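Participant: I would like the atomic coordinates for the input below:
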Amino acid sequence: MTLQPEPIMAERRQLINLAYRLLGSLADAEDVVQETYARWYAMSGQEREAIVVPGAWLTKVVSRLCLNVLSSARARRETYVGEWIPEPLPEPSEQVGGIAVDPADRVTLDESVNMAFLVVLDAMTPAERVAFILHDVFRYPFAEVAEIVGRTPAACRQLASSARRRIHAERAPATPATHQARIVRDFKRAWEDKNIDALVSLLDPGATATGDGGGVVSTVRRPLEGAEQIARWLVQLENRSRDLTIVERTVNGRPGLIAQRGGVTVSVVAFDVADDRITHIWAIRNPDKLRPWL
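Facilitator: Numbering: from 1, shown residues only. Just a heads-up that it's a prediction; the model follows:
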């Protein structure tokens with residue numbers, strides 16, 4: 001006889017999806033969800049039975065824990081070495097190394113988890129981020145958001161509106177995935193060929209490139225600006241790393257690249273594309289953030 005999981009565990013995937021969007025880190029999201037379930041099972045049976053909608057209770061606890069993590073993260077970021085970039089996610093079917101992914105832990109890869117979106121979210125205040133994600137992405141009414149954030153519904157409406165303006169101000173016009181894939185493929189070829197002119201032609205003149213090594217591995221300490229500067233840095237990197245293999249992969253739902261050494265992923269590269277040009281490059285090299293890719 002096969003034991004069926006408790007109904008409460010069916011909420012896990014929704015909670016992981018919410019927590020990842022709020023925190024930009026799968027590891028932190030998993031910790032928060034685990035803590036939430038620990039709190040659920042720490043209650044007496046009578047206390048649990050008194051909760052009319054368990055899923056709503058779990059969501060409230062996850063959101064409040066995320067709010068606490070986001071508030072403390074600002075202090076932690078001050079000691080983080082170099083730039084902090086959200087943790088990149090592969091397609092479940094593209095797990096590097098053949099690691100099986102529990103369906104309950106899969107993050108739905110839609111526009112609310114592409115790297116450009118997550119980077120804008122990371123610049124928001126914790127309250128803005130939570131109000132916006134809960135209302136605009138997960139469709140929670142402002143009355144419920146207010147209870148979680150500890151503000152009035154009107155204040156939460158203003159928080160979400162402010163966050164929405166930030167998103168619209170930063171978001172580039174949508175580029176079809178097939179078109180993005182072609183540009184990323186051309187970029188990969190130019191990078192491998194060390195063709196500076198070709199790289200410059202694929203980059204927006206005002207493009208930026210940001211690296212995240214977390215102080216563990218080397219990368220650019222500050223964002224690079226300008227197509228030519230980025231192109232020359234990429235060629236220098238290729239010259240120093242002749243044993244790297246560049247592979248096309250989906251990164252947070254969009255075409256991207258990974259760099260492998262001896263079959264092990266050592267870097268994940270995400271892109272933002274607008275008007276046939278790459279406007280942003282994010283290179284995540286911190287090994288702690290590459291766990292889903294190993």
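Participant: so residue 72: helix, strand or coil?
Facilitator: helix (DSSP: H, G, I helix; E, B strand; the rest coil).
Participant: contact partners for it?
Facilitator: Applying Cβ atoms under 8 Å, 6 or more residues apart in numbering, one finds that residue 72 lies in contact with no residue. Backbone N, C-alpha and C define where each C-beta goes, glycine included.
Participant: from residue 291, how far out is it?
Facilitator: From residue 72 across to residue 291, the span is 21 Å (Cβ to Cβ, to the nearest Å).
Participant: might you report the residue contacts of the closest residue to residue 224 other than its chain neighbours?
Facilitator: With sequence-adjacent residues excluded and distances taken as Cβ to Cβ, 6 or more residues apart in numbering, residue 224 is closest to residue 209, at 4.4 Å. By Cβ under 8 Å, 6+ apart, the contact list for residue 209 reads 220, 223-224, 230, 233, 280-283.
Participant: what would those look like in a markdown table with neighbour count and distance to residue 194?
Facilitator: Formatted as a markdown table, these follow (neighbours: other Cβ atoms under 10 Å; distance: Cβ to Cβ, whole Å):
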| residue | neighbour count | distance to residue 194 |
| --- | --- | --- |
| 220 | 18 | 18 |
| 223 | 14 | 22 |
| 224 | 18 | 17 |
| 230 | 22 | 14 |
| 233 | 15 | 12 |
| 280 | 22 | 22 |
| 281 | 23 | 17 |
| 282 | 26 | 22 |
| 283 | 22 | 17 |
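Participant: now, which of those sits nearest residue 49?
Facilitator: residue 282 (46.5 Å; Cβ to Cβ).
Participant: from the contacts of residue 209, which ones fall inside strands?
Facilitator: 224, 280-283 (DSSP state E).
Participant: any regions of this structure where pLDDT drops low?
Facilitator: 1-5, 75, 93-106, 109, 172 (pLDDT under 70).
Participant: can you pull out the helices in it?
Facilitator: Remark: helices assigned in the chain by DSSP state H are 12-23, 26-42, 45-49, 54-77, 115-122, 126-132, 142-149, 153-170, 177-192, 196-202, 227-240.
Participant: returning to that earlier point: which among the ones in strands among the contacts of residue 209 gets closest to residue 25?
Facilitator: Distances from residue 25 to the ones in strands among the contacts of residue 209, taken by Cβ to Cβ, are shortest for residue 282, at 14.4 Å.
Participant: test my guess that that closest one contacts residue 267.
Facilitator: No. Counting by Cβ atoms under 8 Å, residue 282 stays clear of residue 267, with 10.4 Å between them.
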